[in-house]
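In: Any chance you could fold what I've pasted below:
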Amino acid sequence: MNYGFFRTAAASLKLKVAHPSYNKEEIKKAIDIAVKEDARLLVTPELSVTGYTCADLFFTTALQEAAGEAFRDIVAYTKNKNIAVVLGMPVKFYNSLYNCAVVVFNGAVLGVVPKTHIANYNEFYEKRWFASGNQFKSCQGINLYGFETKIGSQIFDLGSGAVLGIEICEDLWVSDPPSSTLVHHGANLIANVSASDEYVSKAEYRKSLVSNQSARCICAYLYAGASVYESTTDLVFSGATLIAENGAVLAEGERFCRDNTVIFADIDIEKLNALRLNNMSFENLSEAIGFSKHPVLNEKNDLKFRYVDPQPFVPADDEKRRERCREIFSIQAAGLARRMEHVGSSGAVIGISGGLDSTLALLVAAEAMRLLGKSNSDILGITMPGFGTTDRTYHNAVALMKCLGVTVKEISIRDACVQHMKDIAHNPDIKDITYENTQARERTQILFDMANKHGKLLVGTGDLSELAMGWCTFNGDHMSMYGVNASVPKTLVRYLVDYVAGISDEKTAAILYDVLDTPVSPELLPPDENGKIAQKTEENIGPYELHDFFLYHFVRFGFSREKLAVLAQKAFEGRYGSKEILKWLDVFIKRFFISQFKRSCIPDSPKVGSVSLSPRGDWRMPSDASFADYL
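Out: Here you go, the predicted model:
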């Protein structure tokens, strides 16, 4: 007697994108693990048979046929195993392709459920490949690779009182998820096959969605997310797995795991049904919702009762900030490790200046080496003293590399830059943009060539704030083979370095704290007479804390110049006057617009937060847009 309990499992899989014959074997391994534990239901991630990030390969006959062959093999594998398995795969029906979940049991196909809500915003572009299941007003017959079954929204009686309903990834994130309807037709188990990429704080929000929906629907909710092996281009996936019951999270898998992850939970079906029976409002939800319109008075608001966070990228709470830094650092390292693994790189090449950004990139690279089981000596750190290099940054760069055990190389760029300026007939006494960019591009050339020479990946160091302001040399520090900081704003870079300092040995921490105390500078102009940094970035383009504030509210919400100014005056009251805020706000708007051409061709970089400027996903903007009306 099972006392109303029903054992369930959710899996994240070690797969290869666009390689169904490989993926089917990993799915079989997960089935074996689940069967060994007597699970009656196993849920796999979205498009688990092919991989989620196949992009235009979904249209190819070869991938579709390979998926069919793998699918038939998996179905046959389930025979006599007494377990229902939810697979994710693309399904062609007439002249459309659908992103589907397919339920198989005991060598048979129980049904096909197409995704209803097709994500097509920011980094998602699914409408390019998939049609919505909304067009199915009722289930229709389909021959799926030799199996006669039905396609459309449906529920599945799995026995022991367990009734399964399915939604796919984005279906959970909308205002009216399909599960809200499915439970009123009898489903008490909801499976979500998903491929949700990671960025800071998303995991917590995802967990709350799963928990809240299971409570709202008085059901069990099984979530299976795509693994780190789906990570590509700007996106990093973590393999999140969750099982919740009526608001309580019963099981949660480890994210960023580099092997198959299967979690289990015993769902109390009897308890769920009893709760529904006692809840008189559960079925009484079909009445129309009224709508009343009230006049709105347009009054001046001084934001007296509104708190405006001056650092929207940085949590004020110490514990939350440390957790966010830990998460971002994990995403950065996982993304870099995946790229290095994919291209077969022997290690990383990084230009180390002794500044904040290159310091963070080096720390991320060291963590990526740990994930890959490599030595830090596989990192080639190159310091390239130039006309503006100070003793402080030089010594910090060298000392940090030695502390971390990376391979250190010093290449002075002075002679090469002098020769280059001679070649282009530029007087080195004229310390203009040509003088500065000659150094930046010389360093980048060295880094690329050294990466080629040693078979390593050149890791970019530039951050989100620099990309927003165009504070990078086009085809200089603007370019790399993979950038790890490109969606991390400068205000957060500091806290990330501080976070790592807090978990480092005393000697390494001392160096990191001195880097944090060093003024931000590209060091392209000679030091002052005391050997100190003369070229300070924030004196040229304005405080980064203001620019990051403008960036967040402009990109995230599209606020006007007027509203940005009002919010900034509230947030920075007592620190910056209105005239100074307007001055730097106008600088931000102008630089943001004229710098889009630099962002249009930036290298791949992991997305870590809700604000990103990747031209491939989050921010599509013409390079020649006018800023006149925005001022």
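In: What sits closest to Met481 if chain neighbours are left out?
Out: Leu458 (4.3 Å; Cβ to Cβ, 6 or more residues apart in numbering). (Each C-beta comes from the backbone N, C-alpha and C, glycine too.)
In: quick one, what contacts the one you found?
Out: Residues in contact with Leu458 (Cβ atoms under 8 Å, 6 or more residues apart in numbering) are Ala348, Val349, Ile350, Leu447, Phe448, Ala451, Ser480, Met481, Tyr482.
In: redo that, cut-off 10 Å
Out: Listed by Cβ atoms under 10 Å, 6 or more residues apart in numbering, the contact set of Leu458 reads 345, 348-351, 380, 382, 444, 447-452, 479-483, 603.
In: now these: which count as buried?
Out: Burial of the contacts of Leu458 was assessed by neighbour count (16 or more other Cβ atoms under 10 Å); the buried members are 345, 348-351, 380, 382, 444, 447, 450-451, 479-483, 603.
In: where in the stretch 251-400 of the chain is pLDDT low?
Out: Within the stretch 251-400 of the chain, the segments meeting pLDDT under 70 span 280, 283-302.
In: ditto for the stretch 1-150 of the chain
Out: Counting by pLDDT under 70, the stretch 1-150 of the chain contains low-confidence residues at 1-3.
In: Which stretches in it count as strands?
Out: Shown for the stretch 1-150 of the chain, the strands assigned by DSSP state E, counting those that start in this stretch span residues 5-12, 41-43, 84-93, 96-105, 108-114, 140-144, 147-151.
In: Just name the most buried of the ones you listed.
Out: The highest mean neighbour count among the strands of the stretch 1-150 of the chain, using mean count of other Cβ atoms under 10 Å, belongs to strand 41-43: a mean of 28.
In: Only the buried residues of stretch 213-224, if you could.
Out: When neighbours are counted by 16+ other Cβ under 10 Å, the buried residues of stretch 213-224 are found to be Gln213, Ser214, Cys217, Ile218, Cys219, Ala220, Tyr221, Leu222, Tyr223, Ala224.
In: With secondary structure and pLDDT as added columns, please give those in a markdown table.
Out: Supplementary listing: the buried residues of stretch 213-224 in a markdown table, determined by DSSP: H, G, I helix; E, B strand; the rest coil; pLDDT from 0 to 100:
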| residue | secondary structure | pLDDT |
| --- | --- | --- |
| Gln213 | helix | 97 |
| Ser214 | helix | 97 |
| Cys217 | coil | 95 |
| Ile218 | coil | 95 |
| Cys219 | coil | 96 |
| Ala220 | strand | 97 |
| Tyr221 | strand | 98 |
| Leu222 | strand | 98 |
| Tyr223 | strand | 98 |
| Ala224 | strand | 98 |
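In: These: which two are farthest apart?
Out: Farthest apart among the buried residues of stretch 213-224 by Cβ to Cβ are Ile218 and Ala224. That separation is 21.3 Å.
In: just to revisit the earlier point, looking at the strands of the stretch 1-150 of the chain, spot the one closest to Pro489.
Out: Where the strands of the stretch 1-150 of the chain are weighed against each other on Cβ to Cβ, the nearest is strand 5-12, at 29.8 Å.
In: Off-centre distance for that closest one?
Out: Centroid displacement of strand 5-12 relative to its chain, using Cα atoms, centre = their mean, to the nearest Å, is 26 Å.
In: just the angle between that strand and strand 84-93, please?
Out: Inter-element angle recorded for strand 5-12 and strand 84-93: 50 degrees (by axes from the mean of the first three to the mean of the last three Cα atoms, to 10 degrees).
In: can I assume Gly531 is in contact with Asp391?
Out: Yes - under the contact definition of Cβ atoms under 10 Å, Gly531 touches Asp391, with a separation of 6.1 Å.
In: Point out the other helices and strands that the helix or strand where Glu466 lies packs with.
Out: Glu466 belongs to helix 464-469 when elements are defined using DSSP states H and E. Packing partners of helix 464-469 (3 or more Cβ pairs under 10 Å, 6 or more residues apart in numbering; DSSP states H and E): helix 490-502, helix 537-541, helix 544-557, helix 578-594, helix 596-599.
In: again, 6 Å this time
Out: Identification of packing neighbours for helix 464-469 by 3 or more Cβ pairs under 6 Å, 6 or more residues apart in numbering; DSSP states H and E yields helix 544-557.
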